[in-house]
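# I need the structure of the sequence given here:
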Amino acid sequence: MSIHPTSIIEPGARLGEGVRIGPYSIIERDTVIGDDSEVRAHASVKRFTALGRSNIIHEGAIIGGEPQDISFRECESYVRIGDHNQIREGVTVHRGTEPGSETVVGSNCFLMAYAHVAHNCQLGDRVILANNVALAGHIRIADQAFISGGVVVHQFCRIGRLAMIGGNSKIVQDCLPFVITDGAPGRACGLNAVGLRRAGVKAAEIQQLKQAYRLLLRSGLRLEEALQQMSEMASPLVDEMIEFARSSKRGFCR
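Below is the predicted model:
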C-alpha cells in the first residue's frame, strides 16, 4: 500500500491490499477501495462509495458526490463500481437520490475526461463514455455500449447492448441494441457492424440483425407486424432487439 502524506483518509475508510493514494486526494469515511486500486492526485472518493479491484481514479475525479436533484435530502445512498475501470480526469459519478438507492458502474468500463454519471444510473460492463458525455438521472446503459464525445442523454432513457451513439447527439428516447444512433434528436442510422465484429459476433448473425433492422426501421410496417416477422427469424440477438423495443416506455429512436 502507498499513501501520499498530503492525502486525507478519514477514519472508517476501508482500503484493500496494494492500494495507491496520490497527493491531495480525499477518501471519506464509509468508503471501500478494492485491492490494487489507485486514486490519483486531487481526486475525491466520497461517503457510501465502494470500488472493486484494480480501478484507476484519475486526477480531479469526484466519485460519490451528492446528486444534482432539487428533491434530494441527505440520506444513505450509494455508488457501486466494479473492477478494472478507468475513470479519467474530472469525471463525476453521483450517488442515488432516494435512501438505499444506488448508482452502478460495472467492470472494465472506460469513462473519459469530464464525463458525468448522474444519480441512479446503471452502466453495464465494458461501457465506454467519451469526453464530456452527460448522463441525466436513472439512465440504463447495457454492456459494451459506446457513447461518443459530447453526447447528452435525457433521464430514464435506455441504451442497448453494443449500441453506438454518435458525437454530440441529443438522446431523448431509448437507443436500440446493436444500432448506431446519431443526431439531435437522435435517429437510428444503421447497424453497428464494426462494433459487432469487434465483439466477436459471427457474420451470419450480423446478417440476421441487418434483416431485422430493415424490418423494424425501413420497411414501413407497423411496429407489431415488424416485431412479429422479426420473431420468426429465431435469432437470439434479434430476440434481444425485440424485447428491448417491446419494453420501451419512452419509445425508441427510429
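# residue ranges for the helices of the stretch 101-250 of the chain, please.
Counting by DSSP state H, counting those that start in this stretch, the stretch 101-250 of the chain has helices at residues 193-198, 203-217, 223-231, 236-246.
# Throw those into CSV and include mean neighbour count, thanks.
For every residue, glycine as well, the C-beta is placed using N, CA and C. Output for the helices of the stretch 101-250 of the chain, formatted as CSV (neighbours: other C-beta atoms under 10 Å):
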stretch, mean neighbour count
helix 193-198, 15
helix 203-217, 17
helix 223-231, 15
helix 236-246, 17
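# Including mean pLDDT and distance to His84, could the ones you listed go into CSV?
As requested, the helices of the stretch 101-250 of the chain are arranged in CSV below (pLDDT from 0 to 100; distance: least, C-beta to C-beta, whole Å):
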stretch, mean pLDDT, distance to His84
helix 193-198, 97, 18
helix 203-217, 97, 27
helix 223-231, 97, 35
helix 236-246, 98, 25
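# Output the ones you listed in JSON lines; the columns should cover distance to Met164.
Output for these, formatted as JSON lines (distance: least, C-beta to C-beta, whole Å):
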{"stretch": "helix 193-198", "distance to Met164": "6"}
{"stretch": "helix 203-217", "distance to Met164": "13"}
{"stretch": "helix 223-231", "distance to Met164": "21"}
{"stretch": "helix 236-246", "distance to Met164": "15"}
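# Asn55 is nearest to which of those helices?
When the helices of the stretch 101-250 of the chain are compared by C-beta to C-beta, helix 193-198 sits nearest Asn55, at 23.5 Å.
# Pull the distance from that closest one to the chain's centre.
Helix 193-198 sits 19 Å away from the centroid of its parent chain (C-alpha atoms, centre = their mean, to the nearest Å).
# Give me the most central residue, this structure.
Centroid check for the chain by C-alpha atoms, centre = their mean gives Leu123 as the closest residue, at 3.3 Å.
# surely that one meets Val104?
Yes - at 6.6 Å, Leu123 and Val104 qualify as touching, with contact defined as C-beta atoms under 8 Å.
# ok so, going back, any idea which of the helices of the stretch 101-250 of the chain gets closest to Arg53?
Per C-beta to C-beta, nearest to Arg53 of these: helix 193-198, 25.0 Å.
# The residue nearest to the centre of the chain and Arg250: what is the separation?
To Arg250, Leu123 is 18 Å away according to C-beta to C-beta, to the nearest Å.
# do the same with Gln86
The value you get for Gln86 to Arg250, if C-beta to C-beta is used, is 30 Å.
# what's the answer for Arg187, then?
Taking C-beta to C-beta, one finds Arg187 at 15 Å from Arg250.
# residues contacting the residue nearest to the centre of the chain?
Counting by C-beta atoms under 8 Å, 6 or more residues apart in numbering, Leu123 makes contact with 104-106, 109, 117, 129, 141.
# okay but Asn168 is in contact with Ala134, surely?
No - using C-beta under 8 Å, Asn168 is not in contact with Ala134, being 11.0 Å away.
# list residues touching both of the two?
Contacts common to Asn168 and Ala134, judged by C-beta under 8 Å, 6+ apart, are Val151.
# you'd agree Ile63 is in a strand?
Yes - under DSSP: H, G, I helix; E, B strand; the rest coil, Ile63 falls within a strand.
# Quick one: residues contacting it.
Here Ile63 is in contact with 43-46, 49, 51, 57, 79, 81, 87, 91-93 (C-beta under 8 Å, 6+ apart).
# what's across from it in the sheet?
Val45, Val93 (DSSP bridges).
# Quick one, grab the pLDDT at it.
On the pLDDT scale, Ile63 is placed at 98.
# One more: Gln68?
pLDDT, Gln68: 98.
# now do the one 3 residues further on
At Ser71 the predicted local distance difference test score is 94.
# I would like the residues contacting stretch 176-186, please.
Outside stretch 176-186, the residues touching it (C-beta under 8 Å, 6+ apart) are 142, 160-166, 168-173, 175, 187-192, 195-196, 209, 213, 216, 237, 240-241, 244-245, 252-253.
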